[in-house]
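[1] give me coordinates for this.
(2 chains, ligands or ions: 5)
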Amino acid sequence: MAVTVTKIPRPDRSLWVQSYVPEVMRGLSITSKQFFKNLFTKKDVVTIQYPEVKRDYPERYRGLHRLMYRDDGQVRCVACMCCSTACPANCIHIEAAEHDDTSIEKYPAVFVIDELRCIVCGMCVEACPCDAIRMDSGIHTHPFYERDTAFFDKPALLELGGPSVAHQGGDMKGVQGHH
Amino acid sequence: MPTATINGKEVTVPRGTAIIRAAAMLGINVPHFCYHPALSAPANCRMCLVEVEKARKLEPACYLKVTDGMVVHTESEKVVAARQAVLEFILINHPVDCPICDQAGECKLQDYYMAYDAKPSRLTTGKVGKVKVYPIGPEVVYDGERCILCTRCVRFCDQITGTSELTVVDRGDRSEIRTFPGRELDNPYSMNVTDICPVGALTTRDFRFKCRVWLMTSTDSICTGCARGCSVHLDHYLGETQRYRPRFNPEVNEYWMCDEGRLSYKRLNANRSGALRVGERDDLSWPRAARMIAGALADAQLQPDQIAFVASADASTEALVAGHEYALNILRAGRFYWTGRADGEGDAFLRCADRNPNRAGLVHSFGEQILERGADRLLKDLKSGGIRALFMMSSALPFGREAVEELAAEARKLDIFILATSHAGSLSSAATVSLPVAKHSEQTGTWVNIDGVAQTVDAAYAPPGVAIADWDVYRRLAAGADAEWPLDSVDAIHARIFSDEAAE
Ligand code: SF4
Ligand code: SF4
Ligand code: SF4
Ligand code: SF4
Ligand code: FES
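    Numbers count the residues shown, from 1 in each chain, chains lettered A, B, ... in the order given. Ligands and ions are numbered 1, 2, ... in the order given. Model prediction:
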């Protein structure tokens, strides 16, 4: 294969630009003008004093995951694995088990999300047929100093959770015994 | 032989062939629930209705026999409308709890709903509730709400096992499957009902909630539970076998397998060892280890009569052929023994008393006379002395824990005890050299069943640690001994096996 060479022309710089000093002075003057303007008028300040001041997140901001619970405080998740199947980062680990309460049948004995591996895409929330997993906690993933602490288990995820009023298994109003 | 036209294609079939089979011969799949090729056709689900020209109404393809000149349409507007109606009818009381149903992903009702119906429910009245976790047998759980009452399970127990435990009780939308009073679904083939159940109404306790079916990969394999060697689908996920399902093989097991064999997949996962150990060292590569083993054997300067080789009725034919070659020409063993699982209960259907999958392969490589020299004889000869080096192929042992400990104690006294093994245990800790080998799910191998049917399977996933295929162990040991080795691939071993057969 022949090697092709593309020539990129160098930009044409005048002597004035090439001597640098005048252009540097011009840049500094813009910076200092903004500095003094902010110092005395406090108008148009774009930076905020994070973490003392926080920006309002949009309503659909995806924060740390949380697991929702039913009226009786039980986890809503039925361990269907739809979220872990949809997860592109493969960071949700679920172990399903049989529940003693026969009206629940299947529940997650183990539910762990590796928040460090999560790419915050929200596919898990999208996939869940039970409104069991949400990312509307508004908390963004903080830094972790130890690898282990990035694994959020069921109790940790439930702690952020709240009750969900969605009808589990769809609209059950027609089902006998559920009137 | 009548000739019919199905969807414009002509097919000639033997007299008495149902339309559904004739269509299958043309590669046309007629949706069905209650029909199963091994069972009688009660035509109760009406899913297979097709249009037959000159007939006044739609006809069940599973039941109506092909006659000469018959013209059938399986995808006409009328047929599709009927299918939708049947699905809607079935779904009136179905709980649609797919998220917690193990069948989701391999469910006929789900598939057909997506293909033909795909409409929201029009139902405004309530669904009939039933018991969701009914313990119908020791291995099987029944969910009355999911059941579509196709009676495949009932017919299986009537017509295949002849045990007749199941029946339909109550009428109309209250109907459910139950066992007859005082009985349980506890025949040795009971778990087959979970395979033929088109929905998730019957599930095995073992596989229940264990793994979603869409996560698993399926590899064609065999069951090594007994000398029948039933063909199976080996379903695995992340390098672990999750379940066996019977795979249709008219020469071996038809559509079925026994419960004990189905659960024998657990042996592939439990207590595995992938560590290579020579003496105290477990950080060696195969070439280093092979050289050390060859050196130790040469230094010991043993007579053939002091060297014993133990073949396994569990191993693949490839491993047995290679093992025999190694034992004769490199190890120069003078005494041969065999081990395997002790006999169990057999029956006239599938289960064989011989619980070893490859006794035929063992006899092929080592000759009929080896069968007289089993594990008991080995233990006796070890006790009476004379044997100083022992090579043992990866194998189950026919006796209990105590005898295994006894064997391990005797083996500790030997100068050299080389054990090829796939599992960690007291025997492997007694060995001077422990060589990790793959199970049948992790290597290519051929197993010959009780009727002489040979089945070659391929690896489903990689073995643990540094474990390798059984036959490959001998290639590596031969290389360590700088010896000539003609069997350096599966193909080479196959060539040897077939030339042996030609010579016979
Ligand atoms: S947000 Fe995306 S990456 Fe994170 S757990 Fe959910 S599906 Fe996985
Ligand atoms: S998708 Fe929802 S219900 Fe299913 S396992 Fe995930 S959190 Fe649980
Ligand atoms: S349990 Fe399954 S196989 Fe038996 S009748 Fe119901 S749907 Fe058919
Ligand atoms: S009959 Fe034998 S080979 Fe077949 S499933 Fe049972 S144990 Fe396995
Ligand atoms: S398959 Fe023909 S009626 Fe059920």
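[2] paired strands for whichever strand or helix holds residue B:456, with orientation please.
    Assigned by DSSP states H and E, residue B:456 belongs to strand B:454-457. Strand B:454-457 sits in its sheet next to strand B:445-448 (antiparallel), going by DSSP bridges.
[3] how about the partner strand and ligand 4, touching?
    No: Strand B:445-448 is not in contact with ligand 4 by Cβ under 6 Å from any ligand atom; minimum separation 9.6 Å. Using the backbone N, CA and C atoms, a C-beta is placed for each residue, glycine as well.
[4] so where's the chain shaky on pLDDT?
    By default, I'm working from chain A. Along chain A, the parts satisfying pLDDT under 70 run over A:1, A:167-179.
[5] not what I meant, chain B
    B:501-504.
[6] in the stretch 101-250 of chain B, what residue is nearest ligand 5?
    Going by Cβ to the nearest ligand atom, ligand 5 is nearest to residue B:150 of the stretch 101-250 of chain B, at 6.6 Å.
[7] run a quick neighbour tally on the residue lying closest to that residue once chain neighbours are set aside.
    Closest residue to residue B:150 apart from its sequence neighbours, by Cβ to Cβ, 6 or more residues apart in numbering or on different chains: residue B:34 at 3.9 Å. With neighbours defined by other Cβ atoms under 10 Å in any protein chain shown, the count for residue B:34 comes to 24.
[8] can you classify residue B:34 by secondary structure?
    Counting by DSSP: H, G, I helix; E, B strand; the rest coil, the backbone at residue B:34 sits in coil.
[9] touching, it and residue B:40? I think so.
    No: at 9.9 Å, residue B:34 does not count as touching residue B:40 under the criterion of Cβ atoms under 8 Å.
[10] roughly how far does residue B:452 sit from residue B:222?
    14 Å (Cβ to Cβ, to the nearest Å).
[11] please apply the same query to residue B:420.
    With Cβ to Cβ as the criterion, residue B:420 and residue B:222 are 21 Å apart.
[12] can you show me the CA trace of whatever helix or strand residue B:262 lives in as CSV?
    Residue B:262 is located in helix B:259-263, with elements delineated by DSSP H and E. Presented in CSV, the C-alpha positions along helix B:259-263 are these (Å, rounded to 0.1, in the frame of the first residue of the first chain):
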residue,chain,number,x,y,z
ASP,B,259,-34.6,-37.5,37.6
GLU,B,260,-31.5,-38.8,39.1
GLY,B,261,-29.6,-38.2,35.9
ARG,B,262,-31.1,-34.8,35.5
LEU,B,263,-29.7,-33.8,38.9
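[13] so what does it touch, helix or strand wise?
    When contacts are defined as 3 or more Cβ pairs under 8 Å, 6 or more residues apart in numbering or on different chains; DSSP states H and E, helix B:259-263 sits against strand B:240-246.
[14] ok, the strand it packs on: who's next to it in the sheet?
    Sheet pairing for strand B:240-246, assigned by DSSP bridges, gives strand B:231-237 (antiparallel).
[15] now do the partner strand: everything it contacts.
    For strand B:231-237, the external contacting residues (Cβ atoms under 8 Å, 6 or more residues apart in numbering or on different chains) are B:211, B:213, B:215-223, B:241-249, B:252-253, B:257, B:265, B:441, B:455, B:460-461.
[16] in the stretch 1-150 of chain B, which spans are helices?
    When assigned using DSSP state H, counting those that start in this stretch, the helices of the stretch 1-150 of chain B occupy the ranges B:19-25, B:77-90, B:108-112.
[17] oh, that last question was meant for chain A, not what I typed.
    For chain A, the helices defined by DSSP state H cover A:15-18, A:21-41, A:82-86, A:123-127, A:154-160.
[18] need these in CSV with distance to residue B:72 and mean neighbour count, can you?
    Listed next are the helices of chain A as CSV, based on distance: least, Cβ to Cβ, whole Å; neighbours: other Cβ atoms under 10 Å in any protein chain shown:
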stretch, distance to residue B:72, mean neighbour count
helix A:15-18, 85, 9
helix A:21-41, 83, 10
helix A:82-86, 40, 20
helix A:123-127, 42, 17
helix A:154-160, 55, 17
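[19] out of those, which comes closest to residue B:411?
    Proximity to residue B:411 (Cβ to Cβ) singles out helix A:82-86 among those, at 45.9 Å.
[20] with just CA atoms, put that closest one into CSV.
    Only the C-alpha atoms of helix A:82-86 are listed here, as CSV (Å, rounded to 0.1, in the frame of the first residue of the first chain):
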residue,chain,number,x,y,z
CYS,A,82,-34.9,-7.7,33.9
CYS,A,83,-32.7,-4.9,35.3
SER,A,84,-29.6,-7.0,35.5
THR,A,85,-30.2,-8.3,32.0
ALA,A,86,-30.7,-4.8,30.6
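[21] how far does stretch B:471-490 stretch from start to finish?
    8 Å (Cα to Cα, to the nearest Å).
[22] which stretches of the stretch 151-300 of chain B form strands?
    With DSSP state E, counting those that start in this stretch, the ranges of strands along the stretch 151-300 of chain B come out as B:166-169, B:176-179, B:202-204, B:217-222, B:231-237, B:240-246, B:277-278.
[23] pick the most deeply packed of these.
    Highest mean neighbour count among these (mean count of other Cβ atoms under 10 Å in any protein chain shown): strand B:202-204, with a mean of 24.
[24] what's that one packed up against?
    Packed next to strand B:202-204, using 3+ Cβ pairs under 8 Å, 6+ apart, are strand B:140-142, helix B:192-196.
[25] let me have the ones you listed in JSON lines, extended by distance to residue B:489.
    Below are these laid out as JSON lines (distance: least, Cβ to Cβ, whole Å):
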{"stretch": "strand B:140-142", "distance to residue B:489": "44"}
{"stretch": "helix B:192-196", "distance to residue B:489": "36"}
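[26] could you dump those into CSV and include mean neighbour count and distance to ligand 5?
    Listed next are the helices and strands packed on strand B:202-204 as CSV, based on neighbours: other Cβ atoms under 10 Å in any protein chain shown; distance: least, Cβ to the nearest ligand atom, whole Å:
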stretch, mean neighbour count, distance to ligand 5
strand B:140-142, 24, 20
helix B:192-196, 23, 12
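[27] which one of the ones you listed lies nearest to residue B:178?
    Set against residue B:178 and scored by Cβ to Cβ, the helices and strands packed on strand B:202-204 come closest in strand B:140-142, at 8.3 Å.
[28] and the closest one, how far out from the chain middle?
    21 Å (Cα atoms, centre = their mean, to the nearest Å).
[29] name the helices or strands packed onto it?
    Counting contacts by 3+ Cβ pairs under 8 Å, 6+ apart, strand B:140-142 packs against strand B:134-135, strand B:202-204.
[30] between the ones you listed, which one is closest to residue B:157.
    The closest of those to residue B:157 is strand B:202-204. By Cβ to Cβ, the value is 11.6 Å.
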